[in-house]
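Novice: what would the 3D arrangement of this be:
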Amino acid sequence: MVMQQSISSTSVRKAPARRHDRGRLMQEAAMLAPAVILLTFFLILPFLLSFWTAMTNQPLVPRPTPVRFVWFNNFIRIFQDDLFWTALWNVSRFTFWIIPAQCGLAFATALLLHQKLPFRNLLRGMFFLPAITSMVVVCVIWGTLFQYPTGPFNQILGFLSGGAIQPIDWLGDPQWAMFSLVLLSAWQAYGFQMIVYLAGLQGIPDELYDAAKIDGANAFRRFWHVTMPGLRPTHVFVLVITTIQAFKLYTQVAILTQGGPKSSTETVVHYMVRSGFEEQKMGYASAVSVILFVIVLIIALIQRQLLRRFDV
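Specialist: Below you'll find the model as predicted:
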């Protein structure tokens, strides 16, 4: 009899718990619903539609002839197009150059602004300003700086060299065009990485530096054995994010070089947009977007593995 009463009392206690769990699950589902809906309509469905369009000969403007499936012909044509491989090589080269330039500048600036300087917050805002400036505005300004042969950069080089250095066609010379875009992009976007590095520096406990001083470590040893290990997750995050953003290079190319000169600044995104809107081959352009998605996905998976490795 006592056992039956205990069982019944236990079941009575479990019933409100189950109702509470069910209510909590419904509350969590309601909170997740807006994000899931937005991701579905603006990320998942567009990708599925892009993959479907990549299998067709869909034009930009509807034509009398019906749209038909071409299956993987668009992908085959892309891989057989030398311009696509040139664009992929150019964006890889841009990524290889922009990572040390942009991340190095951001890291050095963050180390400087982490010190107890007068007007430190004002300086942080000034250095971060280019990152929130429209890329179109930045391109117009830098286009003036790059102007050949009487632009400010050429004037400065001529003055410093006493006329020994001839004016450089920054955007019209295939040897300098991509380098010019690297300079522009590194200056415009390094502020974001700077803020990330500042957050990482502020997350390192001061006690570690105090302990290193007690052990007799000089400034370089404190930097190498305390700062660098403490910023390891930050380095990984900045490296991967910069790589992903570099592969999506488009605005600078569209405004300043249009892929030239001699396709030296052609990128995958510019190649995709030109195929879709200028040549009106939406199916072909969708196939390029799928390939770019796969590239970015691979980079994201590498990021995930790196974060696991460093226990982030």
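Novice: can you name the next helix or strand after the strand or helix carrying Ala186?
Specialist: If you go by DSSP states H and E, Ala186 is part of helix 177-202. Downstream of helix 177-202, the next assigned helix or strand under DSSP H and E is helix 206-214.
Novice: from Phe293, how far out is Ala300?
Specialist: 10 Å (Cβ to Cβ, to the nearest Å). All C-beta atoms are positioned from the backbone trio N, CA, C, and that covers glycine.
Novice: show me what contacts the closest residue to Thr265 other than its chain neighbours?
Specialist: Nearest non-adjacent residue to Thr265, counting by Cβ to Cβ, 6 or more residues apart in numbering: Thr257, 4.4 Å away. With contact set as Cβ atoms under 8 Å, 6 or more residues apart in numbering, Thr257 has these partners: 171, 177, 181, 264-265.
Novice: closest to Asn57 among these?
Specialist: Thr265 (29.0 Å; Cβ to Cβ).
Novice: and the closest one, helix, strand or coil?
Specialist: Secondary structure for Thr265, judged by DSSP: H, G, I helix; E, B strand; the rest coil, is coil.
Novice: count the residues that sit near Ser275.
Specialist: By other Cβ atoms under 10 Å, the residues close to Ser275 number 25.
Novice: dihedrals phi and psi, Gly172?
Specialist: Note on Gly172: its backbone torsions stand at phi -110, psi -10 [degrees, to the nearest 10].
Novice: would you check that it makes contact with Gln147?
Specialist: No. Counting by Cβ atoms under 8 Å, Gly172 stays clear of Gln147, with 10.4 Å between them.
Novice: more neighbours: the two, which one.
Specialist: Set side by side, Gly172 and Gln147 show more neighbours around Gln147, with 17 against 14, by other Cβ under 10 Å.
Novice: in which helix or strand does the nearest residue to that one once chain neighbours are set aside reside?
Specialist: Distances taken as Cβ to Cβ, 6+ apart put Asn154 closest to Gln147, at 7.7 Å, once the chain neighbours are dropped. Element membership for Asn154, per DSSP H and E: helix 152-161.
Novice: how about the residue nearest to Phe75 when sequence neighbours are not counted, what does it touch?
Specialist: What sits nearest to Phe75 in space, not counting adjacent residues and going by Cβ to Cβ, 6+ apart, is Ala287, at 5.3 Å. Counting by Cβ under 8 Å, 6+ apart, Ala287 touches 54, 74-75, 78.
Novice: just the buried ones from the residues you listed?
Specialist: Buried by 16 or more other Cβ atoms under 10 Å: 54, 74-75, 78, out of those.
Novice: give me the nearest residue to Lys281, chain neighbours excluded.
Specialist: Spatial nearest neighbour of Lys281, excluding adjacent residues (Cβ to Cβ, 6+ apart): Ser275 at 5.2 Å.
Novice: residue contacts, that neighbour?
Specialist: Ser275 touches 281, 284-285, 288, counting by Cβ under 8 Å, 6+ apart.
Novice: would Ala101 count as being in a helix?
Specialist: Yes. Using three-state DSSP, the assignment for Ala101 is a helix.
Novice: model confidence at it, what's the number?
Specialist: Ala101 carries a pLDDT value of 93.
Novice: quick one, what contacts it?
Specialist: Neighbouring residues of Ala101 by Cβ under 8 Å, 6+ apart: 182-183, 186.
Novice: switch to 6 Å and redo it
Specialist: Neighbour list for Ala101: 182, 186 [criterion: Cβ atoms under 6 Å, 6 or more residues apart in numbering].
Novice: could you do the one 4 residues further on as well?
Specialist: Contact criterion Cβ under 6 Å, 6+ apart gives Tyr190 as the residues in contact with Leu105.
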